[in-house]
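Q: Next one to model:
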Amino acid sequence: MFRPLRTILIPLAAALLLTGCGSSAGSGPDEDASPPPSSSASPSPAAAPTSPSSPSSPAATSLTIEFRAEGTDVTDTYSLECDGAAPVGTSGTPDPAAACAALAGQGAEAFAPADPNIMCTQITKGPQRAQVSGTIQGVAVDREFSVNNGCEISRWESLTGLLAPAGAAG
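A: Model prediction:
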């Protein structure tokens, strides 16, 4: 008598648990999904790149770049500050206006980790490396760029105004 009851109750309990988990994740209250418009909380990495303007300081994008022409020793260090797509102050980047425009368009996504499931061509354009750290539209970033495979070359070239053309010596 216990065996038939157990075979019915265990799957029923599992189904109830799964249903409860699914409904709490998919149909929770909307106030948890996004902050109210007047919130002054710092932006999340997913929200910051899509926000066209923010009430933060004029230099919401502020980066330090350490360039390594031969891949090991730092050969140049410079900074970049942007107010949206416009550079603020002076910068040693190859093209501050192009760098700010690219960062305004790509946001922190330009610094997202590469998808480990993507195959990259095994080519290299040189030993150059650049360590870029700071904030993009208020989101903290810290990433090393290189030109040691097709995927990294593509990322580097998407930020040519910040990093110089791929394979160019600093």
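
Q: and residue 102, how far is that from residue 159?
A: Residue 102 sits 6 Å away from residue 159, taking CB to CB, to the nearest Å as the criterion. All C-beta atoms are positioned from the backbone trio N, CA, C, and that covers glycine.

Q: I should have written residue 148 there, sorry.
A: Taking CB to CB, one finds residue 148 at 16 Å from residue 159.

Q: Between the two, which has more neighbouring residues?
A: Per other CB atoms under 10 Å, whichever of residue 148 and residue 159 has more neighbours is residue 159, with 23 against 19.

Q: is it true that residue 143 lies in a strand?
A: Yes - according to DSSP: H, G, I helix; E, B strand; the rest coil, residue 143 belongs to a strand.

Q: Leaving out sequence neighbours, find the closest residue to it.
A: residue 111 (4.5 Å; CB to CB, 6 or more residues apart in numbering).

Q: what's the neighbour count on that neighbour?
A: Applying other CB under 10 Å, we find 21 other residues in the vicinity of residue 111.

Q: Please apply the same query to residue 81.
A: 21.

Q: Could you list every helix and strand in contact with the helix or strand where it lies?
A: Per DSSP states H and E: residue 81 is located in strand 76-83. Packing partners of strand 76-83 (3 or more CB pairs under 8 Å, 6 or more residues apart in numbering; DSSP states H and E): strand 61-68, helix 96-106.

Q: before we move on, back to that, and for residue 102 and residue 159, which residues touch both?
A: In terms of CB atoms under 8 Å, 6 or more residues apart in numbering, residue 102 and residue 159 are both contacted by the residues residue 110.
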